[in-house]
Each structure stands twice: as structure tokens, then as C-alpha cells.
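Peer 1: Take a look and give me a structure for this.
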Amino acid sequence: MADGEGAVERYIAAAPPRRRAMLRTLHDRIRACFPMATVDMRYRMPTYALGEGWVSIANQRSYVSLYTCSAAHLEAFRREYPEIGTGKGCIRFRERDPIPEDAVDGVIRHAMLHPKG
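Peer 2: Next comes the predicted model:
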């Protein structure tokens with residue numbers, strides 16, 4: 001296991017059980033979409049990069065986030081899931097929120113393949 005991957009595994013393992021499951025789901029979706037992406041800790045968050053494209057995940061105080069670098073990556077997700085909170089370039093999954101895997105895969109693909117939005 002590469003050092004970045006090990007650090008990410010430790011980050012996920014340190015989260016409370018429900019959050020750990022959510023982080024694991026997001027991690028697994030990113031790795032399934034982009035197994036060749038580099039994995040590292042940036043700004044104390046697991047970050048996955050391919051060329052200029054990247055996404056990060058984080059365990060925040062009240063939610064688990066999927067971060068991208070542009071609101072453009074989230075447009076379709078926002079339309080389909082208005083009840084799930086979003087920020088300028090992130091999705092905020094509360095513990096009661098489902099993680100719609102197909103829609104999340106779309107966000108991940110868009111962010112990685114179209115980093116400029």
C-alpha cells in the first residue's frame with residue numbers, strides 16, 4: 001500500500017462508524033471510477049488526482065463532504081438531489097442522507113475529466 005493510500009485508510013478508520021461507512025463509500029466510488037488516480041492527503045483531507053483534475057473527501061463536524069474545484073461539477077447533482085446540501089464546489093452528506101452512487105460517480109467523473117468546469 002502506497003504511503004498516500006495508507007494515510008487515507010488511517011483517516012477513514014479514525015472516523016466514527018457511520019461516517020466511516022460514508023467515507024468508505026465515497027473512497028470506493030472514486031477508486032472505482034479512477035483506479036489510476038494518485039491518492040494523497042492534502043490540507044488534511046484524502047485527495048485523489050488525475051492530471052489537473054481532483055476530488056477530496058472529508059469528515060466535517062456535521063457532515064461528510066465530497067469536494068471538487070468548481071460548482072460546474074455539481075450542476076446535475078443539485079438538480080437531481082436538491083434535498084442534499086451543497087456548497088460552491090462540494091456536496092455535504094449528513095448522516096441521514098443517502099449517497100446516490102450513480103450521481104456521485106457523475107460528479108467525480110466531471111471533476112476529474114473537466115477540471116476547469
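Peer 1: Give me the secondary structure label for V39.
Peer 2: At V39 the chain is in strand, as set by DSSP: H, G, I helix; E, B strand; the rest coil.
Peer 1: In space, what's closest to M112 - neighbours in sequence excluded?
Peer 2: G53 (3.7 Å; Cβ to Cβ, 6 or more residues apart in numbering). For the C-beta atoms, the positions are set from N, CA and C on the backbone; glycine is no exception.
Peer 1: quick one: contacts for the one you found?
Peer 2: Applying Cβ atoms under 8 Å, 6 or more residues apart in numbering to G53 gives the contacts 111-115.
Peer 1: Buried ones among these?
Peer 2: With neighbours counted using 16 or more other Cβ atoms under 10 Å, the contacts of G53 contain these buried positions: 111-112, 115.
Peer 1: what packs against whatever helix or strand R78 lives in?
Peer 2: Per DSSP states H and E, R78 falls inside helix 75-80. For helix 75-80, the packing partners by 3 or more Cβ pairs under 8 Å, 6 or more residues apart in numbering; DSSP states H and E come out as helix 101-113.
Peer 1: returning to that earlier point: nearest to A37 among the contacts of G53?
Peer 2: Proximity of the contacts of G53 to A37 (Cβ to Cβ) peaks at M112, which lies at 7.0 Å.
Peer 1: between the lengthiest helix in the chain and helix 101-113, how big is the angle?
Peer 2: Across the chain, the longest stretch assigned as helix under DSSP state H is helix 17-33. In terms of direction (axes from the mean of the first three to the mean of the last three Cα atoms, to 10 degrees), helix 17-33 departs from helix 101-113 by 60 degrees.
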